[in-house]
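> Sequence below, structure please.
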Amino acid sequence: MEVMNTFAREENVQSKRLLPYLAAWLRTRVYEAFVFLVSITAGACIIFYLHWRPTPVLVRRLLRFWSCGYIYGAKYILGVTYKIEGREHIPAGPVIYMGNHLTAWESVMMTVLVPHVNMVTKRAAMSIPVFGWGLKHAPMTPIDPETPGKNIRRLLKEGKASIREGRSMVIFPEGSRVPIGETRPYARGFEILYKHCGVPVVPFVTDSGLHWPSGYATKPPAVITLRFLPPIEAGKNPNEFAAELEESVRTEAAKLMAQQV
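So this is what the prediction gives:
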């Protein structure tokens, strides 16, 4: 009898562990279907506008529509909510945002939070259906890993133009997503942009890598934090700025991760 009771208790424990996973798995599949429908809608509208009235402002609005579906769908379907901290650190007017890059979540979130943003992104990302079309025709600033010299010239030219237009920029200085626990040298060129644009840089950090598994992996309920740090004012020595930025982002990211353990 005691053996049977022990077996029953173990089955009950396993069942309690399995049910939340199955629920999260089902919500993830529903969320994927929802994002697909939003993508079809936004993609059709982008194609229509590109042939009828290819205005970048309209493309940016459609891109933001898709991004809102991605973020708020995650919130209400998956239970993956978010906290935005440090909004008081964001000055009025265009700025340059620079921060760590762990998942796709923060890329999409920044297009929700910053209207008409100009995001520095890999050119290959512009081939992604819908979101990539929006990046290309918004337009965002593409970079090619194989041509660093051209990247710096393009970054400077398009960055200065964006700031003049009142469009803030988003840059991930490490160049691509970096798994938690790893680091990558900061790419060169962003300090030149800082020198010539003459606007503050707002560092930011996120812990999305702890809560947003890549691809089609099951996404359980969680709370992602996006934290803005005090701005680095314009006018500093570019090399000193680069060192301050990296120290600030890496230190604050480590603190944020430690809070979740």
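> what does stretch 156-168 contact?
Residues from elsewhere that reach stretch 156-168, judged by CB atoms under 8 Å, 6 or more residues apart in numbering: 93-97, 114, 116-118, 141, 169, 189, 192-193, 196-199. Yep, even glycine has a C-beta here, placed from its N, CA and C like the rest.
> Spatially nearest residue to Pro221, not counting backbone neighbours?
Once its chain neighbours are removed from consideration, Pro221 has its nearest residue in Gly79; the separation is 3.2 Å (CB to CB, 6 or more residues apart in numbering).
> so who does the one you found touch?
Neighbours of Gly79 in contact, by CB under 8 Å, 6+ apart: Arg27, Pro220, Pro221, Ala222.
> For my notes, confirm Arg188 occurs in a strand.
No. Following the definition DSSP: H, G, I helix; E, B strand; the rest coil, Arg188 is coil and is not counted among the residues of a strand.
> how deep is it tucked in, by neighbour count?
Number of residues near Arg188 (other CB atoms under 10 Å) recorded here: 12.
> Equivalent analysis for the one 10 residues further on, please.
The criterion is other CB under 10 Å. On that basis, Gly198 has 10 neighbouring residues.
> Leu226 belongs to a strand?
Yes. Under three-state DSSP, Leu226 sits within a strand.
> For PyMOL, write a command that selects the buried ones of the contacts of stretch 156-168.
For anyone working in PyMOL, the buried entries among the contacts of stretch 156-168, judged by 16 or more other CB atoms under 10 Å, can be selected with:
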select buried, resi 94+95+96+97+114+116+117+118+141+169+189+192+193+197+199
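> mind listing the strands for this protein?
According to DSSP state E, the chain carries its strands in the segments 80-85, 96-99, 118-122, 141-143, 169-171, 201-206, 222-228.
> so which of those gets nearest Gly132?
Between Gly132 and the strands of the chain, the shortest separation by CB to CB is 8.9 Å, and it involves strand 118-122.
> so how far is that closest one off the chain centroid?
Relative to its chain's centre, strand 118-122 lies at 11 Å (CA atoms, centre = their mean, to the nearest Å).
> Repeat that for stretch 100-108.
Relative to the mean C-alpha coordinate of its chain, stretch 100-108 is positioned 3 Å out (CA atoms, centre = their mean).
> Please export the C-alpha coordinates of it as CSV.
Coordinates of each C-alpha in stretch 100-108 appear next as CSV, following Å, rounded to 0.1, in the frame of the first residue of the first chain:
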residue,chain,number,x,y,z
ASN,A,100,23.0,45.0,-25.1
HIS,A,101,21.4,42.6,-27.6
LEU,A,102,20.3,39.2,-26.4
THR,A,103,17.2,38.3,-28.5
ALA,A,104,14.8,39.6,-31.1
TRP,A,105,12.5,40.9,-28.4
GLU,A,106,14.4,44.1,-27.7
SER,A,107,14.8,44.9,-31.4
VAL,A,108,11.1,44.8,-31.8
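> what about that stretch, average pLDDT?
Mean pLDDT, computed over stretch 100-108, is 94.
> What of stretch 169-186?
If you average the pLDDT over stretch 169-186, you get 88.
> Identify all contacting residues around that stretch.
94-104, 107, 110, 114, 117-120, 122, 141, 145, 159, 162-163, 187, 190, 193, 209-210, 242, 245-246, 249-250, 257.
> Let's see that with 7 Å instead.
If you take CB atoms under 7 Å, 6 or more residues apart in numbering as the criterion, stretch 169-186 is touched by 96-99, 101-103, 110, 114, 117-120, 159, 162, 187, 190, 209-210, 242, 246, 257.
> Which of those residues are buried, as a ChimeraX select command?
Below is the selection syntax for ChimeraX that covers the buried ones among the contacts of stretch 169-186, with 16+ other CB under 10 Å defining burial:
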select :96,97,98,99,101,102,103,110,114,117,118,119,120,159,162,187,190,209,210,242,246,257
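> would JSON lines of the strands of the chain with distance to Glu182 be doable?
Putting these into JSON lines (distance: least, CB to CB, whole Å) gives the following:
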{"stretch": "strand 80-85", "distance to Glu182": "23"}
{"stretch": "strand 96-99", "distance to Glu182": "16"}
{"stretch": "strand 118-122", "distance to Glu182": "18"}
{"stretch": "strand 141-143", "distance to Glu182": "21"}
{"stretch": "strand 169-171", "distance to Glu182": "19"}
{"stretch": "strand 201-206", "distance to Glu182": "15"}
{"stretch": "strand 222-228", "distance to Glu182": "19"}
